[in-house]
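Trainee: quick one: sequence plus predicted model below, questions after.
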Amino acid sequence: MLQTKVTVVHQFDNFQAYEHAIEEAHNNPKIHFILNSTLTGFHGTESINSVDIKNLKSGEIQEFKTDGAFIFIGYLPNTEFLQDKLELNERGEIIADSGMETSIPGVFAAGDCIANRYRQVTTAVGDGTIAALSALNHIHKTMKETGN
Ligand SMILES: Cc1cc2nc3c(=O)[nH]c(=O)nc-3n(C[C@H](O)[C@H](O)[C@H](O)COP(=O)(O)OP(=O)(O)OC[C@H]3O[C@@H](n4cnc5c(N)ncnc54)[C@H](O)[C@@H]3O)c2cc1C
């Protein structure tokens, strides 16, 4: 039978989202919360029919019946190949200036992989536009300087 509710399993005892979003979710009778917990197992043959939920405080694991699971556990930028080449922060995000130029002159970065407060399609597109214009500027400047 198709479930008519969503259960959010969250590893902490509170959420870091905007207050109004948290309140809206708490007031929705179709959304339930299991806090201080994480998923440790998935069961089913052709599709999922249950998951194991571990309480991180007590260590207790309970089997929870469900029709599906959507996993969202944060961001990990795919920048390992840039380690020791470009300046990255402690989370592996690329450090870029306001013109999207990285620690190597002439190398530009944009979008979710850079150290930025907001991560949205619109901010990534804006970053990309700035990076493209900065790259064009860089090429023109270099051509002028070298006469090529
Ligand atoms: C669940 C979820 C919901 C979201 N909802 C919204 C929303 O409602 N509105 C909104 O504005 N934003 C939303 N976002 C954020 C938005 O998706 C991102 O901010 C945006 O996609 C960032 O664009 P990007 O081009 O920087 O990165 P991406 O869209 O992640 O694109 C990066 C691309 O680079 C490729 N790639 C990675 N490594 C390499 C490599 N080494 N070589 C070649 N290619 C590589 C990847 O495969 C990928 O195609 C959401 C994000 C998630 C995860």
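Mentor: Noted; the coordinates are in hand.
Trainee: when you work out contacts or count neighbours from here on, use the C-alpha atoms and nothing else.
Mentor: OK.
Trainee: ok now do residue 25, which residues does it touch?
Mentor: Going by Cα atoms under 8 Å, 6 or more residues apart in numbering, residue 25 touches residue 31.
Trainee: how about the residues of the chain by the ligand?
Mentor: The chain comes close to the ligand at residues 78, 111, 112, 119, 120, 121, 122, 124, as judged by Cα under 6 Å from any ligand atom.
Trainee: out of those, what pair is the most spread apart?
Mentor: Farthest-apart pair in the residues of the chain next to the ligand is 78 and 122; separation 20.2 Å (Cα to Cα).
Trainee: what is the mean pLDDT for stretch 4-16?
Mentor: On average, the pLDDT along stretch 4-16 is 92.
Trainee: can you give me the end-to-end span of that stretch?
Mentor: Using Cα to Cα, to the nearest Å, one end of stretch 4-16 lies 26 Å from the other.
Trainee: list the buried residues in it.
Mentor: Within stretch 4-16, the residues scored as buried using 16 or more other Cα atoms under 10 Å are 8, 9, 10, 11.
Trainee: so which of these belong to strands?
Mentor: If you go by DSSP state E, the buried residues of stretch 4-16 have 8, 9 in strands.
Trainee: need the pLDDT of the residue sitting furthest away from the middle of the chain.
Mentor: Distance from the C-alpha centroid of the chain, by Cα atoms, centre = their mean, peaks at residue 147 (43.5 Å). Confidence at residue 147, expressed as pLDDT, is 86.
Trainee: cool, residue 77 as well?
Mentor: 93.
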